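S.K.: Sharing a model prediction with you, sequence too.
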Amino acid sequence: KQEVTQIPAALSVPEGENLVLNCSFTDSAIYNLQWFRQDPGKGLTSLLLIQSSQREQTSGRLNASLDKSSGRSTLYIAASQPGDSATYLCAVRHGSGNTGKLIFGQGTTLQVKP
Amino acid sequence: DTGVSQDPRHKITKRGQNVTFRCDPISEHNRLYWYRQTLGQGPEFLTYFQNEAQLEKSRLLSDRFSAERPKGSFSTLEIQRTEQGDSAMYLCASSFDSGPGRGYTFGSGTRLTVV
């Protein structure tokens, strides 16, 4: 059974710091991995999607890496800003079957202090 | 296209009442998913439609829950005889799969509070 874990559960940093959020999964047979942002009381906004054959994806100040063999992904945020404060969720889509359902981690809640 | 829409945004109901939520996916997306998220947790899969066919249901989806997607367009999720444990955010997502997965688009969710 696929399990997804995110560490740390919460993180507080001063503005301007570079930071790394971690995601690990137990079954390496994934189809893809997606990072989402969730603001309090809101839905999920997709940040980056990494296919199983890819090693990383970049969008602006965000960079996500994927190491399937070790069951790990990281989300790197450069030069953090107060507007980055949110919960970040990673989710894996399993490789077997055709459902396409996602298995989520519990999220990392980030606070960037001005 | 305005993305995935969910209605209502918030619902407060008394225990034992029935509630229905609606999701309008992105029009060209053939796949539609329902997830449930409780406070401090990641979303958990409930059910999945490909066009109008409901192809998978989680064991989280008890007999009190039913979902439909008539004509492969919008979807409804009904909860009968609500319980306090049903209080959660209900999220809808849609995707279009042709070849490599293209990822999901989520709606803003419906926050259910059962009192």
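M.R.: That came in fine, so what should we check first?

S.K.: Strands of chain A, start to end?
M.R.: A:4-7, A:10-14, A:19-25, A:30-38, A:44-51, A:56-59, A:62-67, A:72-77, A:86-94, A:102-104, A:108-113 (DSSP state E).

S.K.: residues near the residue nearest to A:Q38 when sequence neighbours are not counted, how many?
M.R.: Of all residues not flanking A:Q38 in the chain, A:T87 sits nearest, at 4.6 Å (C-beta to C-beta, 6 or more residues apart in numbering or on different chains). The way it works is simple: take the backbone N, C-alpha and C, and place the C-beta from them, glycine included. A:T87: 21 surrounding residues under other C-beta atoms under 10 Å in any protein chain shown.

S.K.: Show the contacting residues for A:T87.
M.R.: A:37-40, A:107-110 (C-beta atoms under 8 Å, 6 or more residues apart in numbering or on different chains).

S.K.: what sits opposite it in the beta ladder?
M.R.: A:Q38, A:T109 (DSSP bridges).

S.K.: Of all the strands of chain A, which one comes closest to B:Q41?
M.R.: Closest approach to B:Q41 among the strands of chain A (C-beta to C-beta): strand A:102-104, 8.2 Å.

S.K.: Now that closest one: buried residues?
M.R.: A:102-104 (16 or more other C-beta atoms under 10 Å in any protein chain shown).

S.K.: Quick one: neighbours of B:E83, just the number.
M.R.: Applying other C-beta under 10 Å, I find that B:E83 has 12 neighbouring residues.

S.K.: Is it in contact with B:K14, as I believe?
M.R.: No: in this structure, B:E83 is not within contact of B:K14 by C-beta atoms under 8 Å, at 11.1 Å.

S.K.: so what sits against both of the two?
M.R.: Common neighbours of B:E83 and B:K14 (C-beta under 8 Å, 6+ apart) are B:V114.

S.K.: State the distance from A:L102 to B:K71.
M.R.: 25 Å (C-beta to C-beta, to the nearest Å).

S.K.: for B:Q84, what are its contacts?
M.R.: B:Q84 is in contact with B:15, B:114-115, counting by C-beta under 8 Å, 6+ apart.

S.K.: could you redo those residues as CSV and give each row distance to A:S73?
M.R.: Output for these, formatted as CSV (distance: C-beta to C-beta, whole Å):
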residue, distance to A:S73
B:R15, 40
B:V114, 35
B:V115, 39
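
S.K.: with those in mind, which one is nearest to A:S53?
M.R.: B:V114 (44.0 Å).

S.K.: quick one: that closest one and A:E3, what's the gap?
M.R.: Relative to A:E3, and taking C-beta to C-beta, B:V114 is found at 29 Å.

S.K.: Then A:E15?
M.R.: 34 Å.

S.K.: more neighbours, B:V114 and A:E3?
M.R.: Taking neighbours as other C-beta under 10 Å, B:V114 and A:E3 compare with B:V114 leading, 19 against 12.

S.K.: How about the contacts made by the more buried one?
M.R.: By C-beta under 8 Å, 6+ apart, the neighbours of B:V114 are B:13-15, B:82-87.

S.K.: For chain B, give me its nearest residue in chain A.
M.R.: Going by C-beta to the nearest C-beta, chain B is nearest to A:F104 of chain A, at 3.1 Å.

S.K.: Mind checking what secondary structure the closest residue to that residue other than its chain neighbours has?
M.R.: By the measure of C-beta to C-beta, 6+ apart, the closest residue to A:F104 outside its immediate chain neighbours is B:G42, 3.1 Å from it. What DSSP: H, G, I helix; E, B strand; the rest coil gives for B:G42 is coil.
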